[in-house]
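Student: predicted model and sequence below, questions to follow.
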Amino acid sequence: MSAATAPLRPRTEAPAFVPEAADADGSPAPPPPASASHLGVLDASMTNELLLICGAIGSTDPRSGAFVPVPDCVNWLQDLQRAIRRDDDARRPVTLALHGLRVVPTRLLPLLHSLRDDRPVCTTLVKIFVMLTRPLGGAAAATGRACVDVATMGREAAKERAARREADE
């Protein structure tokens with residue numbers, strides 16, 4: 001079985017991944033855009049697998065605020081790499097879901113900062129960053145715009161309703 005088609009290895013129970021509530025400067029993080037899973041593009045089992053992987057990479061220490069990786073985080077990163085590699089090139093649901101979960105700024109960059117001297121971890125992270133920064137195809141770009149447009153349309157619709165109410169009065 002090749003690495004691209006190898007199933008993700010089952011792991012022990014990991015802490016649930018919860019996106020961070022604040023940006024690095026302490027300001028509240030903007031609400032995450034609707035991810036591909038909210039649009040029904042990514043199936044529930046893959047969403048659960050991504051959440052497991054992202055939660056198992058490590059966590060932020062509540063006292064110091066430093067990112068604390070798990071000892072076998074390179075294995076979890078390789079699982080994430082395989083998931084991204086298997087991503088559908090036309091729609092890229094895994095990439096869009098990772099964006100919606102804010103995995104890069106809340107998990108991967110702090111991990112790179114924490115383990116900057118660990119060559120296997122850094123190499124795997126760079127591979128993941130390269131795969132995540134491939135240009136989106138036409139369908140994936142449209143899906144990404146649809147994720148953003150849903151939130152924008154909701155705000156615009158609310159403004160239009162408020163304007164109609166004022167005009168009716």
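Tutor: Now that the structure is in, tell me what you want to look at. Numbers count the residues shown, from 1 in each chain.

Student: for V121, give me its contacts.
Tutor: Counting by Cβ atoms under 8 Å, 6 or more residues apart in numbering, V121 touches 69, 73-74, 77, 111-112, 115. From N, CA and C alone the C-beta is placed, and that goes for glycine too.

Student: look up how far L108 lies from the residue nearest to T124 when sequence neighbours are not counted.
Tutor: With sequence-adjacent residues excluded and distances taken as Cβ to Cβ, 6 or more residues apart in numbering, T124 is closest to L77, at 4.4 Å. Separation of L77 from L108 (Cβ to Cβ, to the nearest Å): 8 Å.

Student: over to F129?
Tutor: 7 Å.

Student: what's the overlap in contacts for those two?
Tutor: By Cβ under 8 Å, 6+ apart, no residue touches both F129 and L108.

Student: how near is L101 to S64?
Tutor: 24 Å.

Student: which of those two has more neighbours?
Tutor: The neighbour count for L101 versus S64, taken as other Cβ atoms under 10 Å, is higher for L101 (20 against 8).

Student: pretty sure the more buried one contacts L50?
Tutor: Yes: shown here, L101 and L50 form a contact pair, counting by Cβ atoms under 8 Å, at 7.2 Å.

Student: what about this protein, any weak spots by pLDDT?
Tutor: For the chain, applying pLDDT under 70 flags the ranges 1-41, 138-157.

Student: one more pass at 90, please.
Tutor: Across the chain, the ranges flagged by pLDDT under 90 are 1-51, 54-55, 59-61, 64-67, 86-97, 99-101, 133-169.
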